[in-house]
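# Sequence and predicted structure below; questions after.
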Amino acid sequence: MIRVLVAKPGLDGHDRGAKVIARALRDAGMEVVYTGLHQTPEQVAEAALQEDVQVVALSILSGAHPTLVPRIAGLLQQNGQGDVLLLLGGIVPEQDVASMLDAGVSRVFGPGTDTRDIVRYIQERVGDS
């Protein structure tokens, strides 16, 4: 079974989208751990390690992605989890997408993305192990 951590790093207080994604992934047969709001990068990385996830899906609407995402990616690397599929969803301006990919994000999903596309993307990269 695919294990996914859905995380809301930073001070962003809006989690409806993260909850929709968590539900869609659960409905697709994945095991989902949701961190809740206001997580530090260290808390996200520690949860990923403790929960032994294959995917970390970050939801950031606050515009803090240039700071938070590289920090989380670096912590995952430090924890020996460089093979974890790192996804980013939320409000990410087009001009920031390349830097997010360079930081270690596999894919950026913007507002309005069909949840089936996210499920399919994860399944194709992680499999059903």
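Arrived safely, thanks for sending. Numbers count the residues shown, from 1 in each chain.

# was I right about Val53 contacting Val6?
No - contact criterion Cβ atoms under 8 Å: Val53 and Val6 do not qualify, at 9.6 Å. Yep, even glycine has a C-beta here, placed from its N, CA and C like the rest.

# helix, strand or coil for the residue nearest to the spatial centre of the chain?
Geometric centre of the chain, nearest residue: Ala57, 1.4 Å, by Cα atoms, centre = their mean. Taking DSSP: H, G, I helix; E, B strand; the rest coil as the rule, one finds Ala57 in the strand state.

# Tell me the confidence at it?
Note on Ala57: pLDDT of 98.

# Pull the contacting residues for the residue of the chain most remote from its centre.
Seen from the C-alpha centroid of the chain, the residue lying at the greatest distance (Cα atoms, centre = their mean) is Gln95, 19.4 Å away. With contacts defined as Cβ atoms under 8 Å, 6 or more residues apart in numbering, Gln95 has no neighbours.

# How about Ser59?
With contact taken as Cβ under 8 Å, 6+ apart, Ser59 is in contact with 6-8, 12, 15, 17-18, 21, 89-90.

# mind giving me TSV with these and columns for neighbour count and secondary structure?
TSV is the format used below for those (neighbours: other Cβ atoms under 10 Å; DSSP: H, G, I helix; E, B strand; the rest coil):
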residue	neighbour count	secondary structure
Val6	26	strand
Ala7	27	strand
Lys8	25	coil
Asp12	21	coil
Asp15	19	coil
Gly17	18	helix
Ala18	24	helix
Ile21	24	helix
Gly89	22	strand
Gly90	21	strand
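
# Flag whichever of these scores worst on pLDDT.
Asp12 (86).

# beta partners of the nearest residue to Val44 once chain neighbours are set aside?
Nearest non-adjacent residue to Val44, counting by Cβ to Cβ, 6 or more residues apart in numbering: Ala7, 4.5 Å away. Taking DSSP bridges as the rule, Ala7 bridges to Leu58.

# Hmm, Ala7 is touching Val56, no?
Yes - under the criterion of Cβ under 8 Å, Ala7 makes contact with Val56 at 6.4 Å.

# what is in contact with those two at once?
Common neighbours of Ala7 and Val56 (Cβ under 8 Å, 6+ apart) are 44, 48, 72.
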